[in-house]
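# Give me coordinates for this.
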Amino acid sequence: MTTSDRVVASREAKSLLLSINKIYKKTKDSDLIDLMKRLTEKKRKIEKRLKGMPSLI
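Now for the predicted structure:
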């Protein structure tokens with residue numbers, strides 16, 4: 001996965017999270033919360049990989 005692929009994936013995940021959140025506000029479906037938690041975890045992993053290792057200088 002290239003860096004640009006990771007950027008696109010992170011943006012898509014954010015968009016999905018916002019859309020799911022709007023639906024959740026209306027329905028209060030607990031399955032949506034579980035889905036959002038899994039998607040958020042994947043998004044965090046992608047973003048962590050984008051930021052890279054911190055330098056020790």
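# so how many other residues sit close to Leu17?
15 (other Cβ atoms under 10 Å). C-beta coordinates here come from the backbone N, C-alpha and C atoms, glycine included.
# Okay, and it sits in which element?
Using DSSP states H and E, Leu17 maps to helix 3-27.
# Point out where this structure drops to low pLDDT.
53-57 (pLDDT under 70).
# Spatially central residue (nearest the centroid) of it, please.
What sits nearest the mean C-alpha location of the chain, by Cα atoms, centre = their mean, is Lys43, with 2.9 Å.
# Quick check, it in contact with Ser10.
Yes: using Cβ atoms under 8 Å, Lys43 is in contact with Ser10, at 5.9 Å.
# What is the burial count for Ser15?
So Ser15, with other Cβ under 10 Å, has 10 neighbours.
# Check the gap between it and Ala9 for me.
From Ser15 across to Ala9, the span is 11 Å (Cβ to Cβ, to the nearest Å).
# for Ile46, same thing?
Ile46 is 5 Å from Ala9, by Cβ to Cβ.
# neighbour-wise, which of these two wins?
More crowded of Ile46 and Ala9, by other Cβ under 10 Å: Ile46, with 19 against 16.
# quick one: contacts for the more buried one?
By Cβ atoms under 8 Å, 6 or more residues apart in numbering, the contact list for Ile46 reads Arg6, Ala9, Ser10, Ala13.
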